[in-house]
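Asks: okay, sequence plus prediction incoming.
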Amino acid sequence: MTLNDFLKEAREKKQAIGHFNFATEDVLKAIVSAAKESGAPCVIVGTSEGEAEFVGMKEAVALVRAVADDFQYPVFLNADHFKSFEKCKVAIDAGYDSIIIDTSRLSLEENRAAAKQVVEYARSINPNISVEGELGYLKGSSEVQQKIEISTDDYSKPEEVADFIAQTGVDRMAVVFGNIHGIVKEVVSAPTTESVGVPTEASGEEKLDIDHFSKIVAAAPNAYYVLHGASGLKDEDVRAAIQAGITNVHFNTELRVAYHDTLEKTMHDNPTETTPYKYLGPAAEEVKNLVLQKLALFK
Ligand SMILES: [Zn+2]
C-alpha cells in the first residue's frame, strides 16, 4: 500500500496516521518500534531541512528502509516543511516517500506555482509519492517558546484551499485553524541563573477551531488534511480534529523535549558513564513511550 492508500483508509475510518520527526537513528527506531507495538497500520517519519542536513538525505532513506525491513513494518519518510522546489527535488531524488513543499510564506501565486512544480516533478520520478502543500500562516517553530498571538487572519481560507488543491494536484494539505508549531509557555519569574529559559507555567493556550476546519473540509473534501503543531495541544482537541477529518498528525517538539530531558537527567545521574548507548538508550526509550501515548489518540 502507498502512503496515499493508508491515508484514504484512515479517512474512511476517521483515524489518523502519526508523523514524528527524527534526527538520529535511535529516535527513528524508537518511533517505528512504538508504532508497530501500538498496532497502527503504518507510521510517517519526517526530517525537517535541518534534520535532513544533519542525517543526510540518502542516509535517511537508507536508514528508514533498513528499519522498516528489520521491523517488517511500513514506514514512510517525509521531507517536512521543505522550503523550495530545489530542496524538494533533492529529497525526491534521494528516494523520500513524501514531500511537504512549504512556501506558505510566499504570495498565494508563488506558493501555488512552487507546489505545482513539486507535484509534477515528484510524479515524474515516483507516481506513488505523496505531496503536501501548505496554506495559511502556521506560526511558531519546533521548540518551547514564549507567548504567540494566534489570529483568525492566519487561518487557511476554505475557498483558497479548494482552489489550491485543484490547481496544484497536491494530495495533502497542511492547514491552519488555531494550531501553531511547538509548545508555547511563559517564563513566570524574571530570568535568574536558576530559571533562565525554564518554562514554568503555561499561558495563552493553543485551541483548535474545529468549526473553521470543518468549513475547509466541506469546501475541498477530497484532500487529506494534516494537523501540524500537535505538540502542546490537549488530547481532546487532537481527537476532535481527527473526527472532523484530519488524517495525519505531526508531533515533534514534545519528542525533542522528552529526549533532551531524559538525556540530561541520565548524564547528570551517571556522570562517569561514557558509553553512548548506555546514556542515549533511556532517552530513546522515553521517546518510544511518548509516541505510544500519542498513537493511542489516533484510533
Ligand atoms: Zn509542521
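Replies: Received the coordinates, thanks.
Asks: residue numbers of the stretch 151-299 of the chain in contact with the ion?
Replies: 228, 250 (Cβ under 5 Å from the ion). C-betas here are computed from N, CA, C, even on glycine.
Asks: shaky segments in the stretch 151-299 of the chain?
Replies: Along the stretch 151-299 of the chain, segments meeting pLDDT under 70 span 185-204.
Asks: contacting residues for the residue in it that the ion sits nearest to?
Replies: When distances are taken as Cβ to the ion, the stretch 151-299 of the chain reaches nearest to the ion at H228, 3.4 Å away. By Cβ atoms under 8 Å, 6 or more residues apart in numbering, the contact list for H228 reads 138, 174, 179, 181, 250.
Asks: residue contacts, the second one?
Replies: Contact criterion Cβ under 8 Å, 6+ apart gives 100, 102, 104, 132-136, 138, 226, 228 as the residues in contact with A174.
Asks: tell me which of those residues fall in strands.
Replies: Counting by DSSP state E, the part of the contacts of A174 found in strands is 100, 132-134, 226.
Asks: okay, and which of the contacts of H228 map to strands?
Replies: Per DSSP E, those map to strands at 174, 181, 250.
Asks: can you give me the buried ones in the helix or strand hosting A241?
Replies: Assigned by DSSP states H and E, A241 belongs to helix 235-243. If you call a residue buried by 16 or more other Cβ atoms under 10 Å, then helix 235-243 has these buried ones: 237-239, 241-242.
Asks: kindly report the same for stretch 164-173.
Replies: Applying a neighbour-count criterion of 16+ other Cβ under 10 Å, one finds 164-165, 168, 170-173 buried in stretch 164-173.
Asks: check the gap between D163 and K157 for me.
Replies: Separation of D163 from K157 (Cβ to Cβ, to the nearest Å): 9 Å.
Asks: can you check N78 too?
Replies: For N78, the distance to K157 - Cβ to Cβ - is 25 Å.
Asks: next one: V184
Replies: 24 Å.
Asks: okay, those two: which has more neighbours?
Replies: V184 (24 against 19; other Cβ atoms under 10 Å).
Asks: dump the helix or strand hosting S124 to PDB, restricted to CA.
Replies: Using DSSP H and E, S124 sits in helix 108-125. The C-alpha coordinates for helix 108-125 follow below in PDB (Å, rounded to 0.1, in the frame of the first residue of the first chain):
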ATOM      1  CA  LEU A 108      -0.600  32.800  -2.900                       C
ATOM      2  CA  GLU A 109       0.500  32.700  -6.600                       C
ATOM      3  CA  GLU A 110       4.100  31.800  -5.800                       C
ATOM      4  CA  ASN A 111       3.000  29.200  -3.200                       C
ATOM      5  CA  ARG A 112       0.800  27.600  -5.800                       C
ATOM      6  CA  ALA A 113       3.400  27.700  -8.500                       C
ATOM      7  CA  ALA A 114       6.000  26.000  -6.300                       C
ATOM      8  CA  ALA A 115       3.600  23.300  -5.100                       C
ATOM      9  CA  LYS A 116       2.600  22.600  -8.700                       C
ATOM     10  CA  GLN A 117       6.200  22.300  -9.800                       C
ATOM     11  CA  VAL A 118       6.900  19.800  -6.900                       C
ATOM     12  CA  VAL A 119       3.800  17.700  -7.700                       C
ATOM     13  CA  GLU A 120       4.800  17.500 -11.400                       C
ATOM     14  CA  TYR A 121       8.400  16.600 -10.700                       C
ATOM     15  CA  ALA A 122       7.500  14.100  -7.900                       C
ATOM     16  CA  ARG A 123       5.000  12.300 -10.100                       C
ATOM     17  CA  SER A 124       7.600  12.100 -13.000                       C
ATOM     18  CA  ILE A 125      10.000  10.300 -10.600                       C
END
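Asks: in it, what's buried?
Replies: For helix 108-125, burial by neighbour count (16+ other Cβ under 10 Å) applies to 111-119, 121-122.
Asks: centre of the chain to that helix, how far?
Replies: Its chain's C-alpha centre and that of helix 108-125 lie 20 Å apart, by Cα atoms, centre = their mean, to the nearest Å.
Asks: elements contacting that helix?
Replies: Contacts defined by 3 or more Cβ pairs under 8 Å, 6 or more residues apart in numbering; DSSP states H and E place helix 108-125 against helix 85-94, strand 98-101, strand 130-134, helix 158-168.
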